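Enquirer: 3D, please:
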Amino acid sequence: QVQLVESGGGLVQAGGSLRLSCAVSGRIFSSYAMAWFRQAPGKERDLLTAVSRSGDSTYYADSVKGRFTISRDNAKNTVSLQMNSLKPEDTAVYYCAAGRDIATVIGRLILSLGQGTQVTVSS
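Expert: Next comes the predicted model:
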């Protein structure tokens, strides 16, 4: 089992930026595709973005395409989410997730999920 710990959440004004990080431990990091989900109050958990095990392939939901960037550092066992041009509707708890490969992660089949970090965007 792989353990995931997110950090970097907080309060930001609309139009601002935040960078989330996820530290991964427990297994070989490069064996997992990684992803970021978010869940707003009263809503389902949504997949935002995913990156393949090697980092060569990425996926972005339409809602964040062009504003968010996922990256991974296999040497440091971390995955990051750079969020720019934030909007109030981006307010949610953001979760880091690990999966077998990018295709199954996009299919919402994940092996491990972090505890989440709160992001609040004020208008």
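
Enquirer: Contacts only, for Cys22.
Expert: Shown here is Cys22, whose contacts under the criterion Cβ atoms under 8 Å, 6 or more residues apart in numbering are 4-7, 34, 36, 78-81, 96, 114. In short, each C-beta sits where N, CA and C put it, glycine included.

Enquirer: quick one: pLDDT of the closest residue to it other than its chain neighbours?
Expert: Closest residue in space to Cys22, ignoring its immediate chain neighbours: Cys96 at 3.4 Å, by Cβ to Cβ, 6 or more residues apart in numbering. If you check Cys96, the pLDDT there is 98.

Enquirer: now do Gln82
Expert: At Gln82, the pLDDT value in this model is 98.

Enquirer: same check, this time on the one 5 residues further on
Expert: Predicted confidence (pLDDT) for Lys87: 97.

Enquirer: can you check Val79 too?
Expert: 98.

Enquirer: Quickly list what it is bridged to.
Expert: The residues paired with Val79 through beta bridges, assigned by DSSP bridges, are Cys22, Arg72.

Enquirer: Can you pull the phi/psi pair for the residue positioned nearest the centre of the chain?
Expert: Nearest to the mean C-alpha position of the chain, by Cα atoms, centre = their mean, lies Trp36 at 2.1 Å. The phi and psi torsions at Trp36 (degrees, to the nearest 10) take the values phi -120, psi 130.

Enquirer: Roughly how far does it sit from Thr117?
Expert: When distances are taken as Cβ to Cβ, to the nearest Å, Trp36 and Thr117 turn out to be 10 Å apart.

Enquirer: Over to Lys43?
Expert: On the measure of Cβ to Cβ, Lys43 and Thr117 end up 17 Å apart.

Enquirer: give me the number of residues near the residue nearest to Thr117 when sequence neighbours are not counted?
Expert: With Cβ to Cβ, 6+ apart as the measure, Gly9 is the residue that lies nearest to Thr117, at 3.3 Å, once sequence neighbours are left out. Under the neighbour criterion other Cβ atoms under 10 Å, Gly9 is assigned a count of 17.
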